[in-house]
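# Sequence and predicted model, in that order:
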Amino acid sequence: MSLKQTLTVYETVDNAHASGQKVKQLFNQYPDVTVTVQTVEGEKGNTDFVKILIPGEKGKTAGGTAPTFGIVGRLGGLGARPSRIGLVSDGDGAIAAVASALKLAEMKEKGDHLPGDVIVTTHICPDAPTQPHEPVDFMGSPVDILTMNRYEVVPEVDAILSIDTTKGNRVINHKGIAISPTVKEGYILRISEDLLRIMEMCTGQLPVTFPITMQDITPYGNDVYHINSILQPAVATSSPVVGLAITAQSAVPGCGTGASHEVDIALAVKVAVEVAKEYTRGTCSFYDEQEFAHLNKLYGSMKILQTMGRAE
């Protein structure tokens, strides 16, 4: 179960004075877990980037070879103060990521050690700006997307699950969670069968997926439409990235308050933890390596989609 950890993190960050240090304090009782916090100034304020390392028994930090799994909590901000009071819908990704780390830390303390390292990253900002977007307004951020990727997409990870609130659209139409196809080096690949299996197991229902486009996997700032920032980590790494979206049946603005649903966030946490277990022991694959190599041989590199493109 992951609801307890979700509620703990939710209450910690549903605060006008939420900070990376307050999140770090949640892990004080877990000496094997390393949490670092770095405050970064942007054009529209500052935010605290948080990195949480839960070491595995055979992980790289222990000199082993087990794969390292990354969980990114993607968001603009936890709050939009002073224009909005309270936690905004956009904050769900950060809550889910930190709650995943807290669950893994508690498991390790109780003797359930994962084979590989897990690195969780996100940022904590209670007073981010908002920005116009169709069909509903987005949350902005005090820092730009390149800065987010610099602190949240770490080179040690071999695969990334990017968790983000994805409610400000009309294409998903499902309340709960959904997963994206795998994105790697500019290619949108088939949806992982292993991730579908894990999602079915965790939800007890048929898996829900969501469509993404070429625009969605290009960097922000290139003047094309993006569903949101859920797949922005893919522009900053050669590792495979999958989006785990927390979704709604109706279009909900990222800056909306009272729009977070604890059980949906906890469900995302449960999936993230199960993927971490399986990926680090080698029983979950994000993509078919042979097919990816074949695609590159047939059609060449698509890495240009990880860049700002050619000048007109």
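Cool, the structure landed. On a predicted model such as this, the values are computed, not experimentally measured, just so you know.
# in the sheet, who's paired with I52?
As for beta bridges, I52 partners with V35, V120 under DSSP bridges.
# What count of nearby residues applies to it?
27 (other CB atoms under 10 Å). For glycine as for every other residue, the C-beta is placed from the backbone atoms N, C-alpha and C.
# Use 48 as the first number from now on
Okay, using 48 as the starting number, the last item reads as I99.
# contacting residues around it?
74, 80-82, 145, 148, 152, 166-168 (CB atoms under 8 Å, 6 or more residues apart in numbering).
# Surely G290 touches S209?
Yes: counting by CB atoms under 8 Å, G290 sits close enough to S209 to count as a contact (5.1 Å).
# more neighbours, these two?
G290 (31 against 26).
# Specify the local secondary structure of that one.
strand (DSSP: H, G, I helix; E, B strand; the rest coil).
# just to revisit the earlier point, could you single out the nearest of the contacts of I99 to V60?
When the contacts of I99 are compared for distance to V60 (CB to CB), V145 wins out at 7.7 Å.
# Could I get the buried residue list for the helix or strand containing V97?
For V97, the host element (DSSP states H and E) is strand 92-101. Buried residues in strand 92-101, counted by 16 or more other CB atoms under 10 Å: 94-101.
# picking up where we left off before, out of the contacts of I99, which is most surrounded?
A148 (34 neighbours).
# Next one: that residue from V119, what distance?
12 Å (CB to CB, to the nearest Å).
# Now do the shared contacts for those two.
Listed as contacting both A148 and V119 by CB under 8 Å, 6+ apart are V167.
# any idea how far V167 is from the closest residue in space to K71 that isn't next to it in sequence?
Of all residues beyond its chain neighbours, the one nearest K71 is V82 (4.5 Å), with distances taken as CB to CB, 6 or more residues apart in numbering. Relative to V167, V82 is positioned 9 Å away (CB to CB).
# what touches both of those two?
Common contact partners of V82 and V167 (CB under 8 Å, 6+ apart): 97-99.
# How many neighbouring residues does the nearest residue to E203 once chain neighbours are set aside have?
In space, and not counting its chain neighbours, E203 is closest to T115: 5.2 Å by CB to CB, 6+ apart. T115 has 23 neighbouring residues, counting by other CB under 10 Å.
# Now T115: phi and psi?
Main-chain torsions, T115, degrees, to the nearest 10: phi -100, psi 130.
# ok, it - contacts?
By CB under 8 Å, 6+ apart, the neighbours of T115 are 106-107, 163-166, 203-205, 327.
# Now that we have the residues you listed, which of them are buried?
Applying 16+ other CB under 10 Å to these flags 106-107, 163-166, 204-205, 327 as buried.
# before we move on, back to that, with distance to C331 and pLDDT as added columns, please give the buried residues of strand 92-101 in JSON lines.
Formatted as JSON lines, the buried residues of strand 92-101 follow (distance: CB to CB, whole Å; pLDDT from 0 to 100):
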{"residue": "T94", "distance to C331": "31", "pLDDT": "96"}
{"residue": "D95", "distance to C331": "31", "pLDDT": "97"}
{"residue": "F96", "distance to C331": "27", "pLDDT": "98"}
{"residue": "V97", "distance to C331": "25", "pLDDT": "98"}
{"residue": "K98", "distance to C331": "23", "pLDDT": "98"}
{"residue": "I99", "distance to C331": "21", "pLDDT": "98"}
{"residue": "L100", "distance to C331": "20", "pLDDT": "98"}
{"residue": "I101", "distance to C331": "17", "pLDDT": "98"}
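# export those residues to JSON lines and tack on distance to V282?
As requested, the buried residues of strand 92-101 are arranged in JSON lines below (distance: CB to CB, whole Å):
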{"residue": "T94", "distance to V282": "20"}
{"residue": "D95", "distance to V282": "23"}
{"residue": "F96", "distance to V282": "18"}
{"residue": "V97", "distance to V282": "21"}
{"residue": "K98", "distance to V282": "19"}
{"residue": "I99", "distance to V282": "23"}
{"residue": "L100", "distance to V282": "23"}
{"residue": "I101", "distance to V282": "26"}
